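[1] I'll drop the sequence and a predicted model, then ask my questions.
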Amino acid sequence: MNAQFLEVAAEISPTYVFIDLIEERFDVLEIGGCYLTLSDAFEGALFTNLENCQVYTPEEMIRQGRVISRSSEECTRLWQKSCRKVITDLKTLWPDIRFVIVENYLSESVGDLNGRRMFEDIQNIRGINTILKGYYAFMKSIVPEAAVIACADDELYFTDVKYEYGAVPSHLNEIENQRIAEKIIADINRMD
């Protein structure tokens, strides 16, 4: 909320920026001139007004703001505008910065190496994945020099039914996570 992304980046002077848009599956909250992703992290947070030290729950924040649907044209326009700004700012501050786009989507299936089934909410999952696909296409258009790690077509791109953080479409299995990490390392080595 304090728009400190570039300040944090300045402290570490990044060589690489990794872009994964899986959190862009959530709606957005507009409040006080700021935009917040209504993510799992938002749901578990408390917010303190620094002026009066009052603490707000996520529900109170939502009541005070305006929710913008992720599937709306307004959200897409805001998102694209913000992406352009962040990429421009990063390239201005660090002209040699390298970008890696990790093209992650919601998994359509859950299971293990012995068998899988489709998630019950498959239509919603596919709808969100369509939005994400458009976002990734836009990101690749404004950062054409980025290395792109695309794994969604991998045979093992599924959620582990026993994944320790929950068998939900945003989680993959450990084997696929390891493969993605290996592809990232290989692409970074090619960039150097």
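    Happy to help now that I have it.

[2] alpha carbons only for contacts and neighbour counts from here, please
    Will do.

[3] so, low pLDDT: which residues of the chain?
    1-3 (pLDDT under 70).

[4] where do the strands sit along it?
    In the chain, the segments counted as strands under DSSP state E are 16-19, 28-31, 34-37, 47-48, 55-56, 66-68, 98-103, 109-112, 115-118, 147-150, 159-160.

[5] quickly list what the nearest residue to Val67 once chain neighbours are set aside is bridged to.
    In this structure, Val67 finds its nearest non-sequential neighbour in Leu29, 4.5 Å apart by C-alpha to C-alpha, 6 or more residues apart in numbering. Per DSSP bridges, the residues bridged to Leu29 are Leu36, Val67.

[6] what is the neighbour count of Leu29?
    Neighbour count for Leu29, taken as other C-alpha atoms under 10 Å: 20.

[7] wait, doesn't it sit right on Glu43?
    No: using C-alpha atoms under 8 Å as the test, Leu29 is too far from Glu43 to be in contact (11.9 Å).

[8] need the helices for this structure, in chain order.
    In the chain, the segments counted as helices under DSSP state H are 5-12, 40-43, 58-64, 73-93, 122-142, 174-191.

[9] who wins for proximity to Asn114 among these?
    helix 174-191 (13.8 Å; C-alpha to C-alpha).

[10] if I look at the most centrally placed residue in the chain, how far off is Asp160?
    By C-alpha atoms, centre = their mean, the chain has its centre lying nearest to Leu21, at 2.8 Å. According to C-alpha to C-alpha, to the nearest Å, Leu21 stands 21 Å off from Asp160.
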